[in-house]
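Enquirer: Next comes the sequence, and after it the predicted model I'd like to discuss.
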Amino acid sequence: QKQPNKRLHLLIQSTGGIIGDGIALYNLLRKAPFDLCVYNAGSIQSIATVCFLAAPRRIANSNATFMLHRANCGAQPMTLPKLESVLVSLRIEQNRLDAILREHLNLSDEQWTNLGNHEFWLTADDALKSGLITEIGDFSPPKDSPVWNFNLP
């Protein structure tokens, strides 16, 4: 009987999504019962960058990019109590993000400040220097491995 695959090669291409969903995926992938290798062959942004950090082996193509930013919410009509509630929620979300990012990334004080003030973009070289990736390379699952494509909303 054929042995089950013990390694997953996962290529991520994403503009991000919901913080809670991304942190749940990060926690799931981090404790997965198999070796995980993730790849960025284009662009990984926002909470998807946090998901990417779950793998011990993280590879980005030489022309790949990453983007991080602070927790935010869209403008909508609010009462003062609702606005105060949103502020509490944003602080909680930002603290969760900061804990994960600081565990994995080695950024200068200036870079942390830049991240706090606007979108923060990294090239593959920047990502390697900061510890976001472990190497620069191409998507390369073993020859004859099955490949599936999932297009999630």
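Expert: Structure received. Numbers count the residues shown, from 1 in each chain.
Enquirer: what's the burial count for residue 65?
Expert: Residues within reach of residue 65, counting by other C-beta atoms under 10 Å, total 17. For glycine as for every other residue, the C-beta is placed from the backbone atoms N, C-alpha and C.
Enquirer: Which residue, other than its chain neighbours, is closest to it?
Expert: Computed as C-beta to C-beta, 6 or more residues apart in numbering, the closest residue to residue 65 that is not its neighbour in sequence is residue 43, at 4.9 Å.
Enquirer: Let's see the pLDDT reported for that neighbour.
Expert: On pLDDT, residue 43 comes in at 97.
Enquirer: Next: residue 21.
Expert: 95.
Enquirer: what does the host helix or strand of residue 112 contact?
Expert: Assessed by DSSP states H and E, residue 112 sits inside helix 109-117. Applying C-beta atoms under 8 Å, 6 or more residues apart in numbering, the external contacts of helix 109-117 come out as 68, 69, 70, 107, 120, 130.
Enquirer: Pick out the most distant pair among the residues you listed.
Expert: The largest separation in the contacts of helix 109-117, counting by C-beta to C-beta, is between 70 and 130 at 17.1 Å.
Enquirer: Could you list the low-confidence segments of the chain?
Expert: Applying pLDDT under 70 to the chain picks out residues 1-5, 152-153.
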